[in-house]
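Colleague: Provided below for reference: sequence and predicted model.
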Amino acid sequence: MTTIMMLLVFASLGVNIAVGIYFLVLAKRDISTPVFILWAFSCFTYCLGLVVNVAGALPGSPQVCYFLASCLLLAGFYRLEDKKPSTNVARVLNQRVAWCTTGVAAIAVSAFFTPYYQALASGAIAVVFGLCFLSFSVHKQGSLTGIRQFFRAILITHALVMVCQSIMLGYSEWAGLNSAVQTWTALSIAAHIALCIITSVLLPFILVYQQRQKWQTLANVDELTGVYGRRAFIGKINELLSDQGRDNCSLMVIDIDHFKTINDKYGHPTGDRVLNTIASELNKTLSDSHIIGRLGGEEFAIFVSGESKLQTFQLADTLRRKVETLSIKDGKDEISVTISIGMTFSNSVEDTWHSLFNTADTELYNAKARGRNQISPRFQVVA
């Protein structure tokens, strides 16, 4: 058994050092740098625990290293899954450091007062791996769902192994079964080797894929308002117009009235909030079949397909009236905004984005010339 243990220790050392260096290389290439740095130090801390354990150093010190390694792994998962920075980063960081410090202190102190400190450490590590499992989410409609589910299964399996090890170490210490201690320690090391290898293969793949999706989203979506950006919107419309069997369609070009005055009077941050509020209000009114994009500045466009002229003008009037009733606060002031809408309706497959936009843009000019907060061309809307 001793020979097997030594082989597992050296195998684990080699794998963790190799994976740690690999993660540092990925971090140097700016691939999710903080995440891979945390995981690299997790590997190296685990290696330190193995070396300290073989050297027979201070009781409890190997377990402290193993616990710290699992905490660094968890910190990487927390950083990986954060959608946006916390509003109070210092508070969250202090909480996590406090949890880790408490665990380290409990394991270190228990080594001097109870022979069950190894069981306690294994239980604490099991809890950390359980938190890793919970933090590594699987989105219902996200990409790589199967791979993420597989990795979660690996995490929870490792947590269960540590739970079993905690129970068996406690029982073995109570019953004086040293051979059982070695068996479960060997199983734990083998499980960690498997986790380390799988982590080094799957996580970089998942992260790179997620970054590609994020870049693609940033390229398609207007960052301020969350609607399609100009290029993505026009590309989507061209794709729909190229369909020879398409339905009748309409294009609305929408402009916020006197938006420059709002920027000049209240400042650009308030102007951005106005843009975001109006985009949100438009989006809430539209259905999934409507396509909205920001063409630039204060100008938006909406593409409507498969609806009659009457339905489309009713929709435009609904949008106009909803924006008209908005009240956006800026300190003690309340900002009222209106929009002007230019429209065009097409039932010809020969129409292109440029022809539709030019017509709608001309109608938008006419709506503004008539006093703004208007829809052009005029149409009798039935309430």
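Modeller: Cool, the structure landed.

Colleague: any regions of the stretch 101-250 of the chain where pLDDT drops low?
Modeller: In the predicted model of the stretch 101-250 of the chain, residues 138-144, 177-182, 184-186, 189, 192, 210-211, 213-219, 244-246 satisfy pLDDT under 70.

Colleague: which residues in it form helices?
Modeller: Using DSSP state H, counting those that start in this stretch, the helices assigned to the stretch 101-250 of the chain run over residues 117-135, 145-175, 178-220, 230-241.

Colleague: name the residues of the shortest one that come out as buried.
Modeller: What it means is helix 230-241. For helix 230-241, the buried set under the neighbour-count rule, 16 or more other Cβ atoms under 10 Å, comprises Ala232, Phe233, Ile234, Lys236, Ile237, Leu241. The C-beta positions use only the backbone N, C-alpha and C, and glycine is treated the same way.

Colleague: now do the contacts for the third one.
Modeller: Same thing as Ile234. Residues near Ile234 by Cβ atoms under 8 Å, 6 or more residues apart in numbering: Gly293, Trp353.

Colleague: now do it against Leu240, distance only.
Modeller: Relative to Leu240, Ile234 is positioned 11 Å away (Cβ to Cβ, to the nearest Å).

Colleague: any chance of the buried residues of helix 230-241 in TSV, plus distance to Ile107?
Modeller: What follows is the buried residues of helix 230-241, written out as TSV (distance: Cβ to Cβ, whole Å):
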residue	distance to Ile107
Ala232	52
Phe233	56
Ile234	60
Lys236	56
Ile237	61
Leu241	66
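
Colleague: which one of these is nearest to Arg378?
Modeller: Within the set of the buried residues of helix 230-241, Ile237 lies nearest Arg378; the separation is 25.0 Å, counting by Cβ to Cβ.

Colleague: pick the most deeply packed of the helices of the stretch 101-250 of the chain.
Modeller: Ranked by average neighbour count under the criterion mean count of other Cβ atoms under 10 Å, these are headed by helix 117-135 at a mean of 22.

Colleague: can you list contacts of that one?
Modeller: With Cβ under 8 Å, 6+ apart as the contact definition, helix 117-135 has outside contacts at 59-60, 63-64, 66-67, 70-71, 73-74, 77-78, 81, 103, 106-107, 110-111, 114, 152, 155-156, 158-160, 162-163, 165-167, 169-170, 173, 181, 188.

Colleague: between the helices of the stretch 101-250 of the chain, which gets nearest to Val19?
Modeller: Ranking the helices of the stretch 101-250 of the chain by proximity to Val19 (Cβ to Cβ) places helix 178-220 first, at 4.3 Å.

Colleague: redo the helices of the stretch 101-250 of the chain as CSV? Include distance to Glu324.
Modeller: Output for those, formatted as CSV (distance: least, Cβ to Cβ, whole Å):
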stretch, distance to Glu324
helix 117-135, 45
helix 145-175, 43
helix 178-220, 30
helix 230-241, 24
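
Colleague: mind checking which of these is nearest Ala27?
Modeller: Using Cβ to Cβ as the measure, helix 178-220 is the one of these that comes nearest Ala27, at 10.7 Å.

Colleague: any idea which element the residue nearest to Ala121 when sequence neighbours are not counted lies in?
Modeller: Nearest residue to Ala121, sequence neighbours excluded (Cβ to Cβ, 6 or more residues apart in numbering): Gln63, at 3.5 Å. According to DSSP states H and E, Gln63 maps onto helix 61-81.
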